[in-house]
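**Student:** got a sequence here, can you model it:
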Amino acid sequence: MQLVRAGGGMHDKKEEFVLKQSRATDAVFTGESMASDDIAQLAESLARTCVEDKELSYRGHGLKLDTAESVEKLVREIEEFPDLRALRLEGNTFGVEAARGIAKALENRGQLQCCYWSDMFTGRLRSEIPLALSSLGSGLMAAGACLTVLDLSDNAFGPDGVKAIEPLLKSATCHTLRELRLNNCGMGIGGGKILAAALTECHRQSCAVGTPMRLKVFIAGRNRLENEGATALAKAFTLIGSLEEIHMPQNGINHPGVTALAAAIQHNPHLRVINLNDNTFTKKGAIAMATALKHLRSVQVVNFGDCLVRSEGAVAIAQSLREGLPILKELNLSFGEIAEAAALEVARAVQHKPHLEKLDLNGNCLGEEGCETLRETMDGMNMGDLLGSLSEDEGEPEDDDDDDEEASESEEEEEEEEEEEEQDEEEAEQPSEGEGSTEKPQSTGSISASSSLFSFLGVPSAEGLLRLGPKRALLIQQQSEDRVKTVPIVPGHLVALQHAVQQEYFPQDHIAALDDFVLRSNEASDSYTSPRSDLKSTVERRISPEC
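**Tutor:** Here you go, the predicted model:
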């Protein structure tokens, strides 16, 4: 039996298959039971080999295909390829008409399972990409394909692109989806919410027909999902329940989003890899994630590097290591502002992890002595070779740094409490049903705008600003005026401003605004008559140079 035809590795893969088959047979005859994960990996390997044998690849050809005529050769190959299972188009760039030509060819390829379509739109207008994606999705749905892999990574399609693939993600074509790769697509919060809703609907429909969606791999790094996007996806993950890998690095997620994801992963008992690198856990998020991890028995890789888990979070994770994660292979807690004592707790907690291959604690706050103590601790457990480099250690934290850390967390908590209090006050101001009131009840739109404003001020983004609506400037101004703080003015401020006004680089269009400022009576500046008068004269000379 020929297992693979691509890549010249047929002989090796045959041997690997025969070896695994032999081991399985030996296990049966010796009365041993083959581990379920080994069986699953073997089945997956065989399935992948079958797909590779029936793959059409244009990967990395660097073609710029704009029109239907430019893709005639590719279309012909798609139509004539026997039993096409996988189509690789990454590393080329396709225009709208070219995509429509490919989509037409796909309508008759119902056996297609894997679409490797990353990096397909370099140099294309953002308005073109959704149209191209929509056409390709329509072609797949018309064919009645049952996808197992959909990779659209490194295509900067934004929320509009997610909207374009929404019908595909909701359709029966994705009921069989096992891997969804959307890394570096610029989805933002809006795109994250659309994606979450589409996955939820796909799962609902697949359950209704008796074939629940079994998504295993979800990749969506570098998408600025932030808390709202992450929370929406967490709800979808909770329903799906079959995830084995979650990769969501560099998404601007803070502890509310991390906490939501922590709750979701507990509903995915087969999770093997969780990568949330370069988000911001802080103590709250780290403790929530640690609590979730202790209940998972299949996790092999945990990447919380550059996540600011801090010492308290690291101690909580160490406790989870003692209570769970029996087959852990890799743990990354680098660049997390972890002090020596907490790092040592983590090191001691991995002592009884026989499968451990790497522990990364680089870039924390151990100091030279702390690094040496950590190395000695790992050596003492005969695990010294598993400890990663400590070359970028930040040194021992100073007392001021500890104070700054506590102050930062305190400020975060205060801001959250203020937002909650303001929202409670708004709700309290609304009269209940049947209650008499001389004031008009606050409209739902007003509450929504206020809530959006709090979200925007907490995590500013372009999408958040647009969601505030046409009166965004007024809303921000009102919120700012509610929190005005008196700023003392000293003569030096006025003298420095006068000097700046005299320079050629000072923008002429700012002069009029500054003139209004010096003409307006101000209690803080009126007490400094001479500097204020000099500034006023300088401004007037800039307005009317001939004077």
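
**Student:** residue 240 is in contact with residue 217, correct?
**Tutor:** No. Contact criterion CB atoms under 8 Å: residue 217 and residue 240 do not qualify, at 11.6 Å. No exception for glycine: its C-beta is placed from N, CA and C like everyone else's.

**Student:** between those two, which has more neighbouring residues?
**Tutor:** Using other CB atoms under 10 Å, the more surrounded residue of residue 217 and residue 240 is residue 240, with 22 against 17.

**Student:** report the contact partners of the more buried one.
**Tutor:** If you count contacts by CB atoms under 8 Å, 6 or more residues apart in numbering, residue 240 has them with 199, 203, 213, 214, 215, 268.

**Student:** just residue 316 next, same as before
**Tutor:** The contact partners of residue 316, by CB under 8 Å, 6+ apart, come to 286, 287, 290, 291.

**Student:** restricted to helices, list the residues you listed.
**Tutor:** Taking DSSP state H as the definition of helices, the contacts of residue 316 contribute 286, 287, 290, 291.

**Student:** most surrounded residue in these?
**Tutor:** The member of the ones in helices among the contacts of residue 316 that has the most neighbours, counting by other CB under 10 Å, is residue 286 with 28 neighbours.

**Student:** so what's it closest to, chain neighbours aside?
**Tutor:** The spatial neighbour of residue 286 that comes closest, neighbours along the chain excluded (CB to CB, 6 or more residues apart in numbering), is residue 313 at 2.4 Å.

**Student:** pLDDT score for that neighbour?
**Tutor:** In the predicted model, residue 313 carries a pLDDT score of 98.

**Student:** what is the burial count for it?
**Tutor:** By other CB under 10 Å, the residues close to residue 313 number 28.

**Student:** can you check residue 533 too?
**Tutor:** Using other CB under 10 Å, residue 533 has 12 other residues around it.

**Student:** so how far is residue 62 from it?
**Tutor:** 67 Å (CB to CB, to the nearest Å).

**Student:** equivalent analysis for residue 188, please.
**Tutor:** Using CB to CB, residue 188 is found at 29 Å from residue 62.

**Student:** same check, this time on residue 175
**Tutor:** Counting by CB to CB, the gap between residue 175 and residue 62 amounts to 35 Å.

**Student:** between these two, which one's more packed in?
**Tutor:** Per other CB under 10 Å, whichever of residue 175 and residue 62 has more neighbours is residue 175, with 19 against 9.

**Student:** give me the element the closest residue in space to that one that isn't next to it in sequence is part of.
**Tutor:** Here the nearest residue to residue 175 in space, its sequence neighbours aside, is residue 206; by CB to CB, 6+ apart that works out to 4.0 Å. With secondary structure defined by DSSP states H and E, residue 206 is part of helix 188-208.

**Student:** the helix or strand that comes right after that helix packs against which elements?
**Tutor:** Later in the chain than helix 188-208, the nearest helix or strand by DSSP H and E is strand 217-219. For strand 217-219, the helices and strands in contact under the criterion 3 or more CB pairs under 8 Å, 6 or more residues apart in numbering; DSSP states H and E are strand 179-181, strand 245-247.

**Student:** tell me the helix or strand right after strand 217-219.
**Tutor:** helix 226-240.

**Student:** count the neighbours of residue 86 for me.
**Tutor:** A count of nearby residues for residue 86, using other CB under 10 Å, gives 21.

**Student:** is it true that it touches residue 116?
**Tutor:** Yes. Contact criterion CB under 8 Å: residue 86 and residue 116 qualify, at 6.9 Å.

**Student:** gap between the nearest residue to residue 297 once chain neighbours are set aside and residue 318?
**Tutor:** Nearest non-adjacent residue to residue 297, counting by CB to CB, 6+ apart: residue 326, 6.1 Å away. Look at residue 326 and residue 318: by CB to CB, they are 15 Å apart.
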